[in-house]
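Student: What shape does this take:
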Amino acid sequence: MDTMKQTQRKVSFPADHGSTKAPMEDRKRNIFIVDDEEPIRKVMNTHLTKEGYSVIQSHGGSGVFAALESNSFDLVICDIRMPEVDGIQVLDFLKKKFETVPVIMLTGLTDVTTVIEVMKKGAFDYLMKPVKKEDLMVIIRKALVHRDLLVRNKELELENREYQFFLEQKVRERTKELNSKAMELQKAYGHLKNMNIQFINVLAETIEAKDQHTRGHCNRMRCLCVELGRLAGLSPEELEILEYASLLHDLGKIGINETVLNKQGPLTEDECEHIKEHPEIGEKILQGIPLMEPVAKIIVAHHENFDGSGYPRNLRGEDIPLPARIISVADIYDAMSSDRPYRKGLRNEIVIEEMTRVAGTQLDPRIVRMFIENRLCDFNSR
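Tutor: From the prediction side, this is the model:
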């Protein structure tokens, strides 16, 4: 290979051969000419230096690849027909190594097939020898504009990747923070729920302390109702409200005379009416407590009958809240199957027979069927 010759001061640029963020007008453009004919190189060198370009020359050969890798350039002009290493090989090398550098091919042939081949391989354009200066300058200017667009596009792609990485990092950090906060909130919510359950259990024990016939009734109701609620497809939030309501369904008995509650034998008509006040008393106790508002709407309806004959508001069917209908089914089962001072708990067969009899009048038949089919009648013996 002949001695590399640079006719103008060589400007140093980044290693990607032209990828720079400095304005292009602030520096000379480097053009690398590869041609085995020295006269052609000299003519082109003269034209280009007069136009303000820096020129690097090579006659090609096996050393051309090392020369390309060791110099900085913005554009390559390369002959197609050369001994030892032809222009197509040089073009392939440049497209692999320096994808933003445009390549203008020179040919003295009229072989259309060869020209088409080099264009398919990524050449920016081609010129026929002998080269006219005007044609050369027009193509060079277009090629450099194209090169600048490619470089800027790569810079934008890099900036976009960096920005995407920055955003992803921020998302990961924020997600980690939110997960941590969510865990804290979940822990706090669990603690609050435990406190609520403890408080409600205290209320339930207060209810049972007034009515000696119902020891353990509230907790059994809680277990039965939550199981029925799951079978009925209630959401976790609805199940939680049902759990509270099942424990507090008889809260209003706090306002009922203990003599009436613990009376042995039949109640008078007035005493029955007094007992029937307890759903609304329970509702009034819980009204105004935000967490307990949904619970209040359930416990006031737990003695409503499916056919509208219940109390205190004669609701019927779907107008009765589903959790209240669940409580009604669990309540009648527990009341009949539990021991009382005046009788032993009834056998399951008798209880189920009675529940079936009042399904559709006192109880929601769908809930009764669900109760029987899932053998919740064996619940207390589990």
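Student: Any chance you could list what contacts stretch 320-336?
Tutor: Here stretch 320-336 makes contact (CB atoms under 8 Å, 6 or more residues apart in numbering) with 217, 220-221, 224-225, 228-229, 232, 234, 238, 241-242, 245-246, 249, 297-299, 301-306, 345-346, 350-351, 354-355, 358, 362-364, 367-368, 371, 376-377, 380. Backbone N, C-alpha and C define where each C-beta goes, glycine included.
Student: So how do I select the buried members of those in PyMOL?
Tutor: Command for PyMOL that selects the buried part of the contacts of stretch 320-336, burial taken from 16 or more other CB atoms under 10 Å:
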select buried, resi 217+220+221+224+225+228+229+232+234+241+242+245+246+249+297+298+299+301+302+303+304+305+306+346+351+354+355+358+362+363+364+367+368+371+376+377+380
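Student: So, low pLDDT: which residues of the stretch 101-250 of the chain?
Tutor: 110, 208-215 (pLDDT under 70).
Student: could you pull out the helices for it?
Tutor: For the stretch 101-250 of the chain, the helices defined by DSSP state H, counting those that start in this stretch cover 112-120, 133-210, 217-231, 236-248.
Student: Now do the buried residues in the first one.
Tutor: Right, helix 112-120. In helix 112-120, counting by 16+ other CB under 10 Å, buried: 114, 115, 118.
Student: As a markdown table, those residues with distance to residue 156 would be great.
Tutor: Below are those laid out as a markdown table (distance: CB to CB, whole Å):
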| residue | distance to residue 156 |
| --- | --- |
| 114 | 35 |
| 115 | 32 |
| 118 | 29 |
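Student: tell me which of those is nearest to residue 99?
Tutor: Nearest to residue 99 out of the buried residues of helix 112-120 is residue 118 (CB to CB; 16.2 Å).
Student: Now that closest one. Nearest residue, chain neighbours left out?
Tutor: Using CB to CB, 6 or more residues apart in numbering and skipping residues adjacent in sequence, the residue nearest residue 118 is residue 105, 4.8 Å away.
Student: count of neighbours near that neighbour?
Tutor: 24 (other CB atoms under 10 Å).
Student: Now do the contacts for it.
Tutor: Shown in contact with residue 105 (CB under 8 Å, 6+ apart): 78, 79, 80, 87, 91, 115, 118, 123, 125, 126, 127.
Student: Restrict these to the buried ones and give me that as a ChimeraX selection.
Tutor: Only the buried entries of the contacts of residue 105 go into this ChimeraX selection, using 16+ other CB under 10 Å:
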select :78,79,80,87,91,115,118,123,125,126,127
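Student: Mind putting the contacts of residue 105 into a markdown table with distance to residue 48?
Tutor: Output for the contacts of residue 105, formatted as a markdown table (distance: CB to CB, whole Å):
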| residue | distance to residue 48 |
| --- | --- |
| 78 | 14 |
| 79 | 16 |
| 80 | 20 |
| 87 | 19 |
| 91 | 20 |
| 115 | 23 |
| 118 | 21 |
| 123 | 19 |
| 125 | 16 |
| 126 | 17 |
| 127 | 13 |
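Student: The contacts of residue 105 in strands, which ones?
Tutor: Among those, the members found in strands (DSSP state E) are 78, 79, 125, 126, 127.
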